[in-house]
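using only what follows, build the 3D model:
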Amino acid sequence: MGSGFRVSPGGKGSNQAVAVARLGGRATFICKLGRDVFGDLARRTYAAEGIDVEFCLESEESGTGAAAVMLHDTSGENAIIVDPGSSFRLTPADVDRAASSIAESSVFITQLEMPIEVVEHGLRIARNAGVATILNPAPALPLPPGVYALCDYLTPNEAEASALTGVRVSGPRDADRAATVLLERGARNVIITLGSQGAFVRTAALSEHVPAVHAGPVLETTGAGDAFNGAFALSLAEGIDVLAATRFACTAAGISVTRLGTSESMPTRQEVETLSASLLRR
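Next up is the predicted model:
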């Protein structure tokens, strides 16, 4: 028997856009929604958060993507089954419509809840325009070899890094080994998120573990990776170096796990800065 049921907005790209907006950034979201109640929920969310929806398109063939999240009552850990729905109706031609907006951006971030050819196309548009690219390879799926070279920043979690490299990642030492494989494949920078252990940063010149930030009792871990990626993307857009951006992102993720829900759990800029300041005083 379960102990509760709730419906809330989510989706990786959607959560990341909300995270950026709540932290004070300007977020433009490229997506495809169905004409249904979940699509309506998403549109209300974007309106409330001030997200640019010029390129939020509609699908007549598929319903809006949805996920069933099973949440452990005491640990806050989760298991998620995703039906991408209308997200898999997004096409390279749809992304082309947003090419000028991508070129005007500081950072382009994408993930794998859409066809891989669309992911690759978006990354290539951004790279050709000189825009920094982030690929959050989630959920864990195989990547074509050519995708790695399009990634200025690759941000898998432990399970995704393990699936991509064959290196079982359970801590910083394993993350270093997995990151080496990903750098050799062409990614320029690799940040592997490690849940309660924080994140591991690996670049051509840097190899460092960034501890997790404890912001209170953990209620739900769903969306923590999206909080991290949204905060990381915004930091890079503001010209912050990769290590400081990772610390900022760990703080945002640390706050998000103290709340239920996904989009709703994304922290504001003031909350992150207040917690960061308190940590410095300790």
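
which other helices and strands does the worst-scoring helix or strand of the chain on mean pLDDT contact?
Ranking every helix and strand in the chain by mean pLDDT, DSSP states H and E puts strand 78-83 at the bottom, with a mean of 84. Strand 78-83 sits against strand 66-71, with contacts defined as 3 or more C-beta pairs under 8 Å, 6 or more residues apart in numbering; DSSP states H and E. The C-beta positions use only the backbone N, C-alpha and C, and glycine is treated the same way.

tell me what angle the strand it packs on forms with strand 78-83.
Using axes from the mean of the first three to the mean of the last three C-alpha atoms, to 10 degrees, the inter-axis angle of strand 66-71 relative to strand 78-83 is 170 degrees.

direction included, what does strand 66-71 pair against?
strand 78-83 (antiparallel) (DSSP bridges).

for the partner strand, buried residues please.
Going by neighbour count (16 or more other C-beta atoms under 10 Å), the buried part of strand 78-83 is Asn78, Val82.

not counting that strand itself, show me its contacts.
65-72, 113, 139, 220-222 (C-beta atoms under 8 Å, 6 or more residues apart in numbering).

tell me the mean pLDDT for stretch 126-137?
For stretch 126-137, mean pLDDT is 98.

so how far is that stretch from its chain's centroid?
14 Å (C-alpha atoms, centre = their mean, to the nearest Å).

can you tell me what sits against that stretch?
12, 16, 99, 102-103, 105-112, 119, 123, 143, 147, 150-156, 160, 164, 225, 229, 232-233, 236-237.

what's the span of it from first residue to last?
17 Å (C-alpha to C-alpha, to the nearest Å).

repeat for stretch 70-88
Start to finish, the residues bounding stretch 70-88 are 23 Å apart (C-alpha to C-alpha).

so that it lines up with my notes, have the first residue be 419 from now on.
In the new count, where the first residue is 419, that last one comes out as stretch 488-506.

kindly format the C-alpha coordinates of the least confident helix or strand of the chain as CSV.
C-alpha atoms of strand 496-501 as CSV (Å, rounded to 0.1, in the frame of the first residue of the first chain):
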residue,chain,number,x,y,z
ASN,A,496,13.1,7.3,-6.0
ALA,A,497,12.5,5.0,-9.0
ILE,A,498,11.1,6.7,-12.1
ILE,A,499,9.5,5.3,-15.3
VAL,A,500,9.2,7.9,-18.1
ASP,A,501,6.9,8.0,-21.0
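
which stretches in the stretch 569-700 of the chain count as strands?
571-572, 607-611, 617-620, 625-628 (DSSP state E, counting those that start in this stretch).

from the contact counts, what lies against the longest one?
Pointing back at strand 607-611 there. Against strand 607-611 (3+ C-beta pairs under 8 Å, 6+ apart) you get strand 571-572, helix 576-583, helix 590-602, strand 617-620, helix 642-655, helix 660-674.

figure out how far it is from the centre of its chain.
That offset, for strand 607-611, works out to 12 Å (C-alpha atoms, centre = their mean).

contacts for that strand?
If you take C-beta under 8 Å, 6+ apart as the criterion, strand 607-611 is touched by 570-576, 579, 587, 593, 596-597, 600-601, 617-621, 643, 646, 650, 660, 664, 671.

so what's the closest residue to Ala663 other than its chain neighbours up against?
Closest residue to Ala663 in three dimensions, ignoring its sequence neighbours and counting by C-beta to C-beta, 6 or more residues apart in numbering: Ser653, at 3.5 Å. By C-beta under 8 Å, 6+ apart, the contact set of Ser653 is Ala662, Ala663, Phe666, Ala667.

out of those residues, which are buried?
Ala663, Phe666, Ala667.

dump the residue contacts of Thr583.
Arg595, Ala596, Val599, Leu600.
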